[in-house]
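Colleague: here's my sequence, what's the structure:
(chains A and B)
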Number of protein chains: 2
Amino acid sequence: METPIPTVPTPDDAVVWHADALYLADQRQLPERAEFIRMTDAGAVADAIATMVVRGAPAIGVAAAYGVALAGRAAYAAAGADWKRAIEPLLERLLASRPTAVNLSWAIARMRQLILTLDDQDPFAALVREALAIHEEDRAANRRIGELGAALIEGPTDVITHCNAGAIATGGYGTALGVIRSAYAAGKIGRVYADETRPWMQGTRLTAWELMQDGIPVTLQADGAAASLMAAGGIGWVIVGADRIAANGDVANKVGTYGLAIMARHHGIRVMVAAPISTLDMSLSSGAGIPIEERDPAEVLGCGGRRLAPAGCAARNPVFDVTPAALIDAIVTERGVVLHPTEASLRDLVGG
Amino acid sequence: METPIPTVPTPDDAVVWHADALYLADQRQLPERAEFIRMTDAGAVADAIATMVVRGAPAIGVAAAYGVALAGRAAYAAAGADWKRAIEPLLERLLASRPTAVNLSWAIARMRQLILTLDDQDPFAALVREALAIHEEDRAANRRIGELGAALIEGPTDVITHCNAGAIATGGYGTALGVIRSAYAAGKIGRVYADETRPWMQGTRLTAWELMQDGIPVTLQADGAAASLMAAGGIGWVIVGADRIAANGDVANKVGTYGLAIMARHHGIRVMVAAPISTLDMSLSSGAGIPIEERDPAEVLGCGGRRLAPAGCAARNPVFDVTPAALIDAIVTERGVVLHPTEASLRDLVGG
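Modeller: Residues are numbered from 1 along each chain as shown, chains lettered A, B, ... in the order given. Have a look, this model is predicted:
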């Protein structure tokens, strides 16, 4: 039975729980079309994560939490009091949907914690409450990250961001773009240069869309154009999100981040990584342990839906890379800021 | 009157003089379609350079030389003995077709040297002979550059190239790809990683096409994926061409080269710039004086012929950048190799 789609998605309303269904803005179609896809089962949520209907590490976590709620409903419908056994394959399917963003497994682990406390009655309402809490906490975390990150920026300055770590990539407000929103509101940022971010064009399609809706001046550039912009002066910070942060402060983020951080260091420009605590994976001693997803080479062999490479051409398509902690000036979380991250300082943050 | 198109263009036969007309492989259509455009007047050649029917600094120079020959024919047809006055606006139009590649003005200056020696008779045959000589000398220079560059590579190693400095970007054989061809033939190169090279996708469309035709293993990657490839090990050299080299060794080349050179230095990977002597502009003390072309922002706002950015979005599109000499390990010309270029060593090379 179809429920009417609640609204047209906006950057801050791209993941919506409404009338017992999950609505995800289809990020593959933005900005050309702003449309929700409605989901009522966990398999559809897993597919949406795998096919990047929803992307961005925190948004993947939030969507997965709702997916667990939908899984609980299905498991109880199928197995009644035995639902905890029946939910397992659905949780595994959600977990396997993408490998790099740790927020996915973090959100599912947190839902599992709740499941441990539940009895054999219908778990749906309790699971939905927990997913809504995860969602709301992520929004609140991003507001706090925005404040803390903005406080690091002296300004006025221009900044570069890579990929989309915006409202749409999170529960709302954004991590890197949350910092940029807060800093812009405080008069500290003049203009945002957004790397287009090949191959998926998150900068072109999503970051430009988000910032233009907020009236924040944004200029797109090819990923390869960042170095000459840095050399020209005027850029104070590179501000990015993260998909997973290892215990030593190494950061997995969208491919291209590592090169951008090397260029920033070369030019004396500071690098800020903005991410919720749920992005920290203290079980990994360094970034070498972070699984880097390889997606379909077709994403590199063409663009805009059109094949451009010769037939039979090979391509590599790692969609994340790892920036060593030594190249990162600040990791900003909702619990506080770590300058020049080390394992000791990150353990203090997580423990505190 | 139409002359039949001589052949289908191949990488080594992309600029063809045939039956008093210039045939240029339309590089905007490759590899989807391999077609010549036939030109019989200088204005058409200037337009072909401006619209990137032909691109690549040495190929632009060669095409412009043929353009001067066509200009001479038209000037003599229009003004007879007064052809040297009549040719001037056509030379100016050719000169203005693109700003960054110095080979353009170099080729026209060389044709002007010949013009000074001509009388008031029909100059066409003499101008064609000179253009053919420039073309042939460029091919020969690239063979020599290939030998000299390959000698620098110990190998076996993998290499990264950016943009297309291949046969199609030159009079034939290529500069950076000439080195790669020679080094591959000598068993020194295992695989070439080709940056796709946004926004114009020269890597995807042209470098991949060239290398696959020669059976040289090539893997495409997004420009942002170069840093993680370097970190993984196995890359010995970055090998690129140049559009203009200042007296101090600063190199203007396709946007993204500068960032790639910074990344290479960070990883202890060497950077080779392969270019004919005609690419050196000893009148400029440093790269700061090199005019950097800005092309239509639409190239960045979309891809593959499809608009991807939101309406009204701003973009910057500098299509070249300047790599400081300090980041360059070797400049390879047909006259010899300069390691760690300085003004003194480049003046020695040019003077010698």
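Colleague: how is chain A divided into domains?
Modeller: Using automatic domain parsing, the domain ranges for chain A come out as A:11-139, A:146-350.
Colleague: how about these in a markdown table, adding mean pLDDT, distance to B:A325 and mean neighbour count?
Modeller: Where C-beta positions appear, they are placed from N, C-alpha and C, glycine not excepted. A markdown table is the format used below for the domains of chain A (pLDDT from 0 to 100; distance: least, CB to CB, whole Å; neighbours: other CB atoms under 10 Å in any protein chain shown):
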| stretch | mean pLDDT | distance to B:A325 | mean neighbour count |
| --- | --- | --- | --- |
| domain A:11-139 | 97 | 38 | 20 |
| domain A:146-350 | 97 | 14 | 22 |
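Colleague: the ones you listed into TSV, with extra columns for distance to B:G166?
Modeller: Shown next, in TSV, are the domains of chain A (distance: least, CB to CB, whole Å):
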stretch	distance to B:G166
domain A:11-139	34
domain A:146-350	13
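Colleague: quick one, which of the ones you listed is nearest to chain B?
Modeller: Proximity to chain B (CB to the nearest CB) singles out domain A:146-350 among the domains of chain A, at 2.5 Å.
Colleague: next one: that closest one to chain centre, how far?
Modeller: 10 Å (CA atoms, centre = their mean, to the nearest Å).
Colleague: check stretch A:15-27 too.
Modeller: 17 Å.
Colleague: quick check: residues of the stretch 1-150 of chain A near chain B?
Modeller: With CB under 8 Å from any CB of the partner chain as the criterion, the stretch 1-150 of chain A comes near chain B at residues A:P31, A:E32.
Colleague: the strands in the stretch 1-150 of chain A, which residues?
Modeller: Ranges of strands in the stretch 1-150 of chain A, per DSSP state E, counting those that start in this stretch, are A:15-18, A:21-25, A:36-39.
Colleague: looking at those, which is closest to B:V102?
Modeller: strand A:21-25 (48.8 Å; CB to CB).
Colleague: quickly run through the sheet partners of the closest one, with directions.
Modeller: Strand A:21-25 has the following strand partners under DSSP bridges: strand A:15-18 (antiparallel), strand A:36-39 (antiparallel).
Colleague: could you dump those strands to JSON lines with distance to B:A21?
Modeller: Listed next are the strands paired with strand A:21-25 as JSON lines, based on distance: least, CB to CB, whole Å:
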{"stretch": "strand A:15-18", "distance to B:A21": "61"}
{"stretch": "strand A:36-39", "distance to B:A21": "56"}
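Colleague: of those strands, which is nearest A:L114?
Modeller: Nearest to A:L114, of the strands paired with strand A:21-25 and by CB to CB, is strand A:15-18 at 16.1 Å.
Colleague: centre of the chain to the longest helix along chain A, how far?
Modeller: If you go by DSSP state H, chain A has its longest helix at helix A:124-152. Relative to its parent chain, helix A:124-152 has a centroid offset of 13 Å by CA atoms, centre = their mean.
Colleague: now it against strand A:21-25, angle please.
Modeller: 30 degrees (axes from the mean of the first three to the mean of the last three CA atoms, to 10 degrees).
Colleague: which helices and strands does the following helix or strand past helix A:124-152 pack with?
Modeller: As assigned by DSSP states H and E, the chain's next helix or strand after helix A:124-152 is strand A:157-161. The helices and strands touching strand A:157-161, judged by 3 or more CB pairs under 8 Å, 6 or more residues apart in numbering or on different chains; DSSP states H and E, are helix A:176-185, strand A:189-195, helix A:226-232, strand A:235-240.
Colleague: strand partners of strand A:157-161, parallel vs antiparallel please.
Modeller: Partners of strand A:157-161 in the sheet, by DSSP bridges, are strand A:189-195 (parallel), strand A:235-240 (parallel).
Colleague: what sits up against the shortest one?
Modeller: Okay, so that is strand A:235-240. Outside strand A:235-240, the residues that touch it by CB atoms under 8 Å, 6 or more residues apart in numbering or on different chains are A:149, A:152-155, A:157-163, A:165, A:176, A:179-180, A:193, A:229, A:253-254, A:257, A:260-261, A:264, A:267, A:269-274.
Colleague: to B:M201, which of the strands paired with strand A:21-25 lies closest?
Modeller: Going by CB to CB, the one of those nearest B:M201 is strand A:36-39, 30.8 Å.
Colleague: residues in contact with the closest one?
Modeller: Defining contact as CB under 8 Å, 6+ apart, one finds that strand A:36-39 is touched by A:2-3, A:5-6, A:8-9, A:16, A:21-26, A:45, A:48, A:53, A:67, A:70.
Colleague: now that strand, how far from the chain's geometric center?
Modeller: 19 Å.
Colleague: re earlier: pipe the helices and strands packed on strand A:157-161 into TSV and attach distance to B:A133 per row.
Modeller: As requested, those are exported to TSV (distance: least, CB to CB, whole Å):
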stretch	distance to B:A133
helix A:176-185	56
strand A:189-195	44
helix A:226-232	36
strand A:235-240	47
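Colleague: mind checking which of these is nearest A:E130?
Modeller: Among the helices and strands packed on strand A:157-161, helix A:176-185 sits nearest to A:E130 (CB to CB), with 23.2 Å.
Colleague: so is the closest one next to chain B?
Modeller: No - under the criterion of CB under 8 Å from any CB, chain B is not reached by helix A:176-185; the shortest gap measures 14.9 Å.
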